[in-house]
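**Q** Sharing a model that was predicted from the sequence below.
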Amino acid sequence: MYEHFFQCPYCWEEVSTLVDPSIRQQTYVEDCEVCCNPIEVSPTFESGEITAFEVKEIGQ
């Protein structure tokens with residue numbers, strides 16, 4: 001598991017999430033640890049390294 005930092009699309013604060021590099025492409029929902037709004041998180045890995053990391057608002 002890797003800790004990855006990103007900016008919340010709602011409150012713009014820097015937050016972190018744990019990502020699992022053993023799953024090449026994944027999408028899941030996680031609440032912002034600052035403002036508690038739901039964020040769709042989509043990391044992509046290749047050879048155990050993050051190649052893409054996207055976050056977006058849900059229901060907006």
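**A** Yep, it's here. Because the structure is predicted, anything quoted here is derived from the model rather than measured.
**Q** The one helix or strand residue 42 maps to: which residues count as buried?
**A** Per DSSP states H and E: residue 42 is located in strand 38-46. For strand 38-46, the neighbour count (16 or more other CB atoms under 10 Å) marks 39, 41, 43-45 as buried. Every C-beta, even on glycine, is put in place using the N, C-alpha and C of the backbone.
**Q** cool, and stretch 15-27?
**A** By neighbour count with 16+ other CB under 10 Å, stretch 15-27 contains the buried residues 15, 17, 19.
**Q** Can you tell me which of those residues is nearest residue 27?
**A** residue 19 (11.6 Å; CB to CB).
**Q** From residue 59, how far out is the closest one?
**A** Distance of residue 19 to residue 59, computed by CB to CB, to the nearest Å: 23 Å.
**Q** Which stretches in the chain count as strands?
**A** In the chain, the strands defined using DSSP state E lie at 2-7, 14-19, 28-31, 38-46, 49-57.
**Q** Skip the chain neighbours and tell me the closest residue to residue 35.
**A** residue 11 (4.0 Å; CB to CB, 6 or more residues apart in numbering).
**Q** If you tally nearby residues, what's the number for the one you found?
**A** 12 (other CB atoms under 10 Å).
**Q** one step back: would you turn the strands of the chain into JSON lines with mean pLDDT?
**A** Output for those, formatted as JSON lines (pLDDT from 0 to 100):
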{"stretch": "strand 2-7", "mean pLDDT": "96"}
{"stretch": "strand 14-19", "mean pLDDT": "96"}
{"stretch": "strand 28-31", "mean pLDDT": "96"}
{"stretch": "strand 38-46", "mean pLDDT": "97"}
{"stretch": "strand 49-57", "mean pLDDT": "96"}
